[in-house]
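Participant: Sequence first, predicted model second:
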Amino acid sequence: MQSPVIQPKVPLLAEPPQSVIKFFADSTSIEDIRDLAATGLIDGVTTNPSMVGKSGRPILELIGEICQLVEGPVSAEVAGATCKEMVREGRILGKVAPNVAVKVPLTWEGLQACGILSREHGLMVNVTLCFSANQALLAAKAGATFVSPFVGRLDDLNIDGLDLIREIRAIYGNYPALRTEILCASVRTPNHVKGVALAGGDIVTLPPEVFPKLVDHPLTEKGLAAFMADWAAGGQSIK
Ligand code: G3P
């Protein structure tokens, strides 16, 4: 007779709970990405043609190196203007590593390329330069893995970029089968990060220099110093 299966007291999680939000590094700096990856706190990387152009490195070599540093998606943007060019370039980028997400701009040509690259070639696609809810709606319709609304650049025009995140979240919520993740970009301050989280963004991509600003607080530093001073005065050690 088979022994009874011992039921675990704590229900086993079918899979680990979804993180509250994913953090991506918005950078092509190998050193910064390596340092951030070592913290275990980043889930991917985004790049854009400006960064890659300024890096002075061939894009395929640079993206290939970045893809070795993180397991999560690494966005690499096409440069072509037509759907045909974007598909050709996207397929080349997609071959660099399994975790490449091909970035295409939110244009008619980009949306068509998104549909082809995602549905016919099975590639992750990040539709970028999103500045309106209707653009985000079409990106989802085109099968985007990610849509990248630019918060900071709307703020630059005295338009609340976080309102866009709230609108997209509300619209996407009306269609439960929709799988496009809201990858909030052009995020430049800790308040932007808090606002994105409050608005329900799925992912926030940050310049490396913003990460420490999320952690540092003078009262934390002051409190820790006081704890350590009192601990030292007590003469104890943990061993
Ligand atoms: O990848 C998009 C992001 O890098 C743009 O940020 O600050 O140039 O608007 P920003």
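Facilitator: In hand now; what should we look at?

Participant: Tell me the residues on this protein that lie near the ligand, please.
Facilitator: 26, 46, 48, 150, 152-153, 185-186, 188 (Cβ under 6 Å from any ligand atom). Using the backbone N, CA and C atoms, a C-beta is placed for each residue, glycine as well.

Participant: please redo it, this time with the cut-off set to 5 Å
Facilitator: When proximity is defined as Cβ under 5 Å from any ligand atom, the chain approaches the ligand at 26, 48, 152-153, 185-186.

Participant: Report pLDDT for residue 20.
Facilitator: According to the predicted model, the pLDDT of residue 20 comes to 75.

Participant: Could you report the neighbour count for the residue of the chain found nearest the ligand?
Facilitator: Each residue of the chain has a distance to the ligand, by Cβ to the nearest ligand atom, and the smallest belongs to residue 186, at 3.4 Å. Look at residue 186: counted by other Cβ atoms under 10 Å, it has 22 neighbours.

Participant: so where is the protein shaky, pLDDT-wise?
Facilitator: Along the chain, the parts satisfying pLDDT under 70 run over 1-19.

Participant: Could I get the full set of strands for it?
Facilitator: Taking DSSP state E as the criterion, the chain carries its strands at 22-26, 44-46, 74-77, 100-105, 124-130, 146-149, 181-184, 203-206.

Participant: can you list contacts of the first one?
Facilitator: Applying Cβ atoms under 8 Å, 6 or more residues apart in numbering, the external contacts of strand 22-26 come out as 32-33, 36, 41-47, 70, 72-73, 75, 181, 183, 185, 187, 202-208, 211.

Participant: now the helices for the chain?
Facilitator: 30-38, 49-55, 59-69, 83-94, 108-115, 133-141, 151-155, 161-173, 190-199, 211-215, 218-234 (DSSP state H).

Participant: Give me the buried positions along the longest one.
Facilitator: Residues of helix 218-234 include none that count as buried (16 or more other Cβ atoms under 10 Å).

Participant: Distance from the chain centre to that helix, please.
Facilitator: Computed by Cα atoms, centre = their mean, to the nearest Å, the separation of helix 218-234 from the middle of its chain amounts to 35 Å.
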